[in-house]
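>>> take a look and give me a structure for this.
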Amino acid sequence: MSGLAIEELYASRAGGLVLRGCSVEAPAGRVTVLLGANGAGKTTLLETVSGVIPADRGRILVDGEDIAHASRRRRARLGVAHVEQGRTVFRHLTVAENLRAAGHGARAVAAALETFPELEPRMGTRAGDLSGGEQQMVVLARALAGEPRVLLVDEMSLGLAPIVVQRLLPILRAAADGGMAVLLVEQFAPLALSIGDRAYVLGRGAVVLDGEASSLAGKTDVLRGAYLGEATVA
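Numbering: from 1, shown residues only. Below you'll find the predicted structure:
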């Protein structure tokens, strides 16, 4: 399969097992949404894919190549980009310096301004002085500048005003429409399902529900049950 395939993945953190045989597919050209209550294992799944924490066992395939035990640098070279929680900008560097720090030079700056023209008057501003929405634009622009095959996005809406989220979500949709595999972790299901193709709900480190995003969007009772651990494994 072109894109990302996670097969029977187990992973631990702080000595405790978090992921318990988790299997998720995020094909190229699609936005795959990962939902679930706090502590369900969503962030751990993304961090295991990008190499922040090691996999105990299982496979992580990018365009068919198993990267489960590859270094973070190797994963990045293979096209895995991870937008982590917390808008991880270099706060004391300017916006332009943040974009160049990704290693893509002038191309990164040009691509950022094409995608986010709002950043042009802020290029000389320290990233730490930007609003939360502007910081998220910088982080997304930095990730997209490398033209990744797989884009992992963790809680993009966290702490942002709804109007800002509505500005950013179409960027992820456009990235997928351009052929990228997008795996989006999002606490607010309606926002994510509105741009998603397929969705998975995690509970206690395993998939408890999955289906087409448009179908799940209308099944609020089913989603609520999955979040509360009342759904059977799909």
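
>>> next, name the residue at the spatial heart of the protein.
Val153 (1.7 Å; CA atoms, centre = their mean).

>>> for the chain, longest helix please?
Across the chain, the helix with the greatest residue count (assigned by DSSP state H) is helix 162-177.

>>> elements contacting that helix?
Counting contacts by 3 or more CB pairs under 8 Å, 6 or more residues apart in numbering; DSSP states H and E, helix 162-177 is packed against strand 31-36, helix 132-145, strand 150-154, strand 181-185. In this view, the C-beta of every residue, glycine as well, is placed from N, C-alpha and C.

>>> where exactly do the strands run in the chain?
Assigned by DSSP state E, the chain shows strands spanning 3-13, 16-27, 31-36, 55-62, 65-66, 80-83, 150-154, 181-185, 198-203, 206-212.

>>> my guess is Val208 contacts Val222. True?
No: taking contacts as CB atoms under 8 Å, Val208 lies outside contact range of Val222: 10.5 Å.

>>> quick one, the helix or strand bottoming out on mean pLDDT in the chain and strand 198-203 angle?
Confidence across the helices and strands of the chain bottoms out at helix 220-227, with a mean of 72, counting by mean pLDDT, DSSP states H and E. Orientation check (axes from the mean of the first three to the mean of the last three CA atoms, to 10 degrees): helix 220-227 against strand 198-203 gives 40 degrees.

>>> which elements pack onto helix 220-227?
Other helices and strands packing on helix 220-227, by 3+ CB pairs under 8 Å, 6+ apart, are strand 31-36, strand 198-203, strand 206-212.

>>> repeat the analysis, applying 7 Å as the threshold.
strand 198-203, strand 206-212 (3 or more CB pairs under 7 Å, 6 or more residues apart in numbering; DSSP states H and E).

>>> save these as a markdown table, and put in mean neighbour count too.
Below are the helices and strands packed on helix 220-227 laid out as a markdown table (neighbours: other CB atoms under 10 Å):
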| stretch | mean neighbour count |
| --- | --- |
| strand 198-203 | 24 |
| strand 206-212 | 18 |
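
>>> quick one, phi psi at His69?
phi -120, psi 20 (degrees, to the nearest 10).

>>> relative to Pro54, how far out is it?
Distance from His69 to Pro54, counting by CB to CB, to the nearest Å: 8 Å.

>>> please apply the same query to Thr115.
Taken as CB to CB, the span from Thr115 to Pro54 is 33 Å.

>>> please apply the same query to Val207.
Going from Val207 to Pro54 by CB to CB gives 21 Å.

>>> same check on Gly39?
Taking CB to CB, one finds Gly39 at 20 Å from Pro54.

>>> tell me how many other residues crowd Val164.
With neighbours defined by other CB atoms under 10 Å, the count for Val164 comes to 18.

>>> one step back: Serialize the helices and strands packed on helix 220-227 to CSV and add fields for distance to Leu184 and mean pLDDT.
Shown next, in CSV, are these (distance: least, CB to CB, whole Å; pLDDT from 0 to 100):
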stretch, distance to Leu184, mean pLDDT
strand 198-203, 9, 94
strand 206-212, 14, 93
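
>>> now render the ones you listed as CSV, adding distance to Met1.
As requested, those are arranged in CSV below (distance: least, CB to CB, whole Å):
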stretch, distance to Met1
strand 198-203, 13
strand 206-212, 15
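
>>> who wins for proximity to Glu47 among those?
strand 198-203 (13.5 Å; CB to CB).
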